[in-house]
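Chemist: The sequence and its predicted three-dimensional model are supplied below.
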Amino acid sequence: MKFRMVDRIVGFERCKSIRTAKTVSFEEYQLKSTFGDQPCLPESLVLESLFQSGVWLIMLSSDFAKMGLLVRAQEVRFIEPVRPGQTMFLEVQARSYRSDGVLFDGQAQVNRKTVAYGRGCLASVVQLAEYFAPDDLKVLFSEIYRPDKRDQA
């Protein structure tokens, strides 16, 4: 798995929440267009953006020692498609944060309107180094972490 469904980390609070963004490019290979519909980001990739945001929360909260593997999602809803040129802002809130698992809820918004959400998402916590090079992800984090100025008050 590559961490490519999160373009920017806007802010986070250790073990509690994270806010991220994903801009849908006009050139993204994964855009779908069926039966004359306008192209949009597939729902599975909207959901992947939410899950990757949750994984970033676990990595940042553990100083890049741990990551999460999705075990289940209790409820997922897709309300509107996400079109090329739109930016999704994602927010993930940890409902329960334990050393063996994190239970979180997340939502994706475009223009301040919810386009998708997931509730009761459970991630098992595992050692990050078993899956990725932590130093590589630290470099990626340094490139995509651009906190919102409003969060620094």
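Modeler: Good, I have the coordinates.

Chemist: Got the phi and psi for the residue nearest to the spatial centre of the chain?
Modeler: Against the mean C-alpha coordinate of the chain, by CA atoms, centre = their mean, the closest residue is residue 53 at 2.4 Å. With angles defined as degrees, to the nearest 10, residue 53 sits at phi -60, psi -40.

Chemist: residues contacting it?
Modeler: By CB atoms under 8 Å, 6 or more residues apart in numbering, the residues touching residue 53 are 6, 18, 20, 90, 91, 92, 106. From N, CA and C alone the C-beta is placed, and that goes for glycine too.

Chemist: Between these, which sits nearest residue 72?
Modeler: For these, the residue nearest residue 72 by CB to CB is residue 106; the value is 13.8 Å.

Chemist: give me the number of residues near the closest one?
Modeler: Using other CB atoms under 10 Å, residue 106 has 26 other residues around it.

Chemist: could you say which helix or strand contains it?
Modeler: strand 101-110 (DSSP states H and E).

Chemist: So which elements touch that strand?
Modeler: helix 43-61, strand 87-98, strand 113-127 (3 or more CB pairs under 8 Å, 6 or more residues apart in numbering; DSSP states H and E).

Chemist: Just say which of those is most tucked in.
Modeler: helix 43-61 (a mean of 22; mean count of other CB atoms under 10 Å).

Chemist: Return the mean pLDDT over that one, rounded to an integer.
Modeler: The average pLDDT within helix 43-61 is 96.

Chemist: Name the nearest of the contacts of residue 53 relative to residue 61.
Modeler: Residue 61 has its nearest neighbour among the contacts of residue 53 in residue 18, at 9.0 Å by CB to CB.

Chemist: Look at the closest one and report its pLDDT.
Modeler: 98.

Chemist: what's across from it in the sheet?
Modeler: In this entry, residue 18 is beta-bridged to residue 12, residue 92, by DSSP bridges.
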